[in-house]
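# Structure here, sequence nowhere to be found:
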């Protein structure tokens, strides 16, 4: 195989799980880029028109591909997702000659305006910041949280609407760090981000530096962001605002831990919830005696904004 060749893996998935499956690919495969093949991109030669086909661009043919995909799909099923919600995960891999695929992959991405104020700009695109805007620059596909997925945008909208300047914020399951960066740029004094995936810590730090956000080496040691490998139940601090953009069943399972890191009267944005999975999260909210302030919808996704009342 020529050094300029690459491998293209196509996986049939539910488009709503694009970020989750993409994160798996970046972490477990020799992956250089992903793109979801949708009708909107049919003019690009590299992309099929089959909605729900995730194209993954690899530097080499991965070992144990069948087992890796099977194990990940079974893991997601064990977390409460049905076969219909997952998609078939039928897949095919083929060797391709280099046609500057990295450039075509980047063509899929554009500037994303989440709200009138919050703008996500891919690294390679130029953008002149306008007065009053919160502009976040990322390389899409580096880790979960690119700013294009509905669940991330729902959290951003809640941050803009409910977070106060000077608030201390927790970002649980931070992924790329995009919500931490957004919170800091919106005026948070301190943001504590944590994740259970060791690989995303360095990515989040790089993104923070890229966006001019101060990195802290110790928790609660000044104004800036602190990222660590950790879970909510082990955090000792209390926060004014909490972001948790995680799968619905995980949200339900750790709702008590999330409540414990909230100050009295604190606000929390709960996202990552498919509409049909709302009852699972609502039951956990009720169990922990959290007050629902707002229920926000975007496509088939729901986010709850809640307040700690005790």
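That came through, no problem. Not measured: the values here are computed from a predicted model.

# So for stretch 124-137, what gets flagged as buried?
Judged by neighbour count (16 or more other CB atoms under 10 Å), stretch 124-137 contains these buried residues: 133-137. In short, each C-beta sits where N, CA and C put it, glycine included.

# do stretch 85-97 as well
If you call a residue buried by 16+ other CB under 10 Å, then stretch 85-97 has these buried ones: 86-87, 89, 91.

# just to revisit the earlier point, CSV please, covering the buried residues of stretch 124-137 and showing secondary structure, pLDDT and distance to residue 283.
Shown next, in CSV, are the buried residues of stretch 124-137 (DSSP: H, G, I helix; E, B strand; the rest coil; pLDDT from 0 to 100; distance: CB to CB, whole Å):
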residue, secondary structure, pLDDT, distance to residue 283
133, coil, 96, 39
134, strand, 96, 34
135, strand, 96, 38
136, strand, 94, 34
137, strand, 92, 39
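
# All the helices of the protein, residue numbers only.
For the chain, the helices defined by DSSP state H cover 18-28, 65-78, 83-86, 101-107, 150-162, 178-185, 199-210, 248-260, 278-287.

# Compute the inter-axis angle for the last one and helix 248-260.
What that stands for is helix 278-287. Put simply, helix 278-287 runs at 20 degrees to helix 248-260, going by axes from the mean of the first three to the mean of the last three CA atoms, to 10 degrees.

# Make residue 1 into 48 and carry on from there
Happy to do that; since the first residue is 48 now, the last one works out to helix 325-334.

# Show residues contacting helix 325-334.
For helix 325-334, contacts defined as CB atoms under 8 Å, 6 or more residues apart in numbering pick out 127, 295-296, 298-300, 302-303, 317, 320, 339, 349, 351, 353.

# just the fifth one next, same as before
Contact with helix 197-209 is made by 63, 66, 161-162, 164-165, 181, 192-194, 216, 225-226, 229-230, 233, 288, 290, 292, 314, 316, 318-320, 340-341, 343, 345-346, 348, 350, 352, as judged by CB under 8 Å, 6+ apart.

# What mean pLDDT does it get?
Averaging pLDDT along helix 197-209 gives 94.

# centre of the chain versus it, how much separation?
Distance of helix 197-209 from the chain centroid (CA atoms, centre = their mean, to the nearest Å) equals 12 Å.

# got it, and the first one?
Centre-to-centre, helix 65-75 and its host chain are 10 Å apart (CA atoms, centre = their mean).

# Just the closest of the buried residues of stretch 171-184 to residue 212, please.
The nearest member of the buried residues of stretch 171-184 to residue 212, counting by CB to CB, is residue 181 at 12.4 Å.

# who's that closest one bridged to?
Residue 181 has these beta-bridge partners by DSSP bridges: residue 165.

# give the contact list for it.
Under the criterion of CB under 8 Å, 6+ apart, the neighbours of residue 181 are 164-166, 207, 229, 232-233.

# mind redoing it with 10 Å?
Residue 181 makes contacts with 161-162, 164-167, 203, 206-207, 228-234, 258, as judged by CB atoms under 10 Å, 6 or more residues apart in numbering.

# Check residue 107 and give its pLDDT.
Note on residue 107: pLDDT of 87.
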